[in-house]
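In: Pasting a predicted model and its sequence here:
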Amino acid sequence: MALIARDEQHQQQINAGISGRKRGHKFEETLTNCINSLKITRIGPATTSTINKHIFQGNPAIQLLQYIADRENFTITHVKAYWLGGLATSGKGDMLLDQNGNPITGSKSDVLLQIVCDSGVKIIGVSVKTCNKSTPTNDQMYFSTARAFCKLLEDNGIGVSQEAKIGMSQFCGDDGFRPVDLLPPDVVATRRSDPNRFYWEELSAKAKTDWKKIFEKYQDKITMLLFQKAYKNDPYPPTYLLHQTVKYDDFTNCKTAIFTMDEIVLLSKQFQGYVLSPYKIRKGTYKNDPNEHLAPRFGFIQFQRGGQKQHPTQLQFNLKAGYFNHI
């Protein structure tokens, strides 16, 4: 359902979001079309090892296929690409059926590759991230509610205590879990921080301890879930990541970062474990908040309360801006 703007500023925010999605989808669609236009005879593993190389300059279609041939150690003789990235958000893309014959309406794989190689036919999903600025931005990777995130963990064998669930709902500002719901009126009246949500440092000691244990013990698994899970019964979770790192003038001379999902999860863990980073509110309604708050981080991933007017209580996970430069 399309959002209805409450005022001119809200309309500008909606338009900016739509514009950003369109630019991202345009890159995915261009990549798909470029792959399908290539006249492939053979793309085999490179004679020079690129096992530690992840940043490339050139045609991303060619770079991606060469990267896959190198990592999978096979020779590509034919490939058909399908664009799935626009299905869930704009209803655009290639219509495919799942194994039960039902149309796929959303997938974490933005581009799906059907590759004919010397070992048979392989289906490979690729998650595509885009940046249309001159410097890298923190790309969104997962957007959900506190309850849905906790359920995602539980559905995949990661236990979440009741105290931890309450803490995450307080962090997001769900109805019934806000300072205006839980604190005495006189305390709320003198509160300089946002009264509609609790900050991480304000959660109970047990909630903070439980989340610390979860992110430390399951960092790799949670990172993989955020990259691969979003849609129920997604038949094609991505096993590769291609990131357009900055704005380009020529698609065939684009700077990209490419990884297998196993590689990006490992590199993220090597970068850092679970940490809390201090910050202050510098803009918005509560820019005069004098308090220092704590932002949870693990690896290349940072998460926060969405805060946007159209969906303020959503939980938003982002990739650290320029993470590929920290490898």
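Out: Structure received.

In: Now do the SS call for Gln66.
Out: The three-state label given to Gln66 by DSSP: H, G, I helix; E, B strand; the rest coil is helix.

In: my guess is it meets Gly44, correct?
Out: No: the pair Gln66 / Gly44 is not scored as a contact, 9.1 Å apart, by C-beta atoms under 8 Å. Where C-beta positions appear, they are placed from N, C-alpha and C, glycine not excepted.

In: Which one's more surrounded, those two?
Out: Between Gln66 and Gly44, counted using other C-beta atoms under 10 Å, the more crowded position is Gln66 (20 against 15).

In: give me every residue that touches the more buried one.
Out: Listed by C-beta atoms under 8 Å, 6 or more residues apart in numbering, the contact set of Gln66 reads 43, 46.

In: What sits closest to Pro278 if chain neighbours are left out?
Out: Ranked by C-beta to C-beta, 6 or more residues apart in numbering and with sequence neighbours excluded, the top spatial neighbour of Pro278 is Glu292, at 5.1 Å.

In: Could you check how far that neighbour is from Val265?
Out: 31 Å (C-beta to C-beta, to the nearest Å).

In: who's in contact with stretch 260-271?
Out: The contact list for stretch 260-271 (C-beta under 8 Å, 6+ apart) reads 54, 71, 127, 219-220, 223-224, 227-228, 238-241, 259, 298-301, 323, 326-327.

In: Would you mind writing the ChimeraX command to select the buried ones in those residues?
Out: In ChimeraX, this line selects whichever of the contacts of stretch 260-271 come out buried by 16 or more other C-beta atoms under 10 Å:
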select :54,71,127,219,223,224,227,228,238,239,240,241,259,298,299,300,301,323,327
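
In: Among the contacts of stretch 260-271, which ones are in helices?
Out: Using DSSP state H, 71, 219-220, 223-224, 227-228 are the members of those that sit in helices.

In: tell me, what residue is most central in this structure?
Out: Residue closest to the mean C-alpha point of the chain, counted by C-alpha atoms, centre = their mean, is Met141 at 0.9 Å.

In: I'd guessed it sits against Gln316; true?
Out: No: look at Met141 against Gln316 with C-beta under 8 Å: they stay out of range, at 9.1 Å.

In: Show me the helices in the stretch 151-300 of the chain, by range?
Out: With helices called from DSSP state H, counting those that start in this stretch, the stretch 151-300 of the chain shows them at 162-172, 179-182, 185-189, 205-217, 219-228, 261-271.

In: Mind checking the ones you listed for the one nearest to Lys309?
Out: Taking C-beta to C-beta, helix 162-172 is the member of those nearest to Lys309, at 15.0 Å.

In: Could you quantify the relative orientation of that closest one and helix 205-217 as an angle?
Out: Counting by axes from the mean of the first three to the mean of the last three C-alpha atoms, to 10 degrees, helix 162-172 lies at 90 degrees to helix 205-217.

In: Buried residues of helix 162-172, list them for me.
Out: Neighbour counts over helix 162-172 (16+ other C-beta under 10 Å) mark 163-172 as buried.

In: now swap in stretch 206-226 and tell me
Out: Across stretch 206-226, burial judged by 16+ other C-beta under 10 Å covers 207-208, 210-212, 214-215, 218-219, 222-226.

In: could I get the buried residues of helix 162-172 as CSV with pLDDT and distance to Tyr199?
Out: Listed next are those as CSV, based on pLDDT from 0 to 100; distance: C-beta to C-beta, whole Å:
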residue, pLDDT, distance to Tyr199
Glu163, 98, 17
Ala164, 98, 16
Lys165, 98, 17
Ile166, 98, 15
Gly167, 98, 11
Met168, 98, 13
Ser169, 98, 14
Gln170, 98, 9
Phe171, 97, 7
Cys172, 97, 11
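
In: and which of these is nearest to Pro60?
Out: Out of the buried residues of helix 162-172, the member with the shortest distance to Pro60 (by C-beta to C-beta) is Cys172, at 35.5 Å.

In: what's the distance between the closest one and Arg197?
Out: With distances taken as C-beta to C-beta, Cys172 is found 7 Å from Arg197.

In: any residues in contact with both of the two?
Out: Shared contacts of Cys172 and Arg197, defined by C-beta under 8 Å, 6+ apart, are found at 305, 313.

In: Return the angle between stretch directions for the strand ranked longest in the chain and helix 261-271.
Out: With DSSP state E applied, the strand covering the greatest number of residues in the chain is identified as strand 120-129. Strand 120-129 runs at 40 degrees relative to helix 261-271, counting by the same axes, to 10 degrees.
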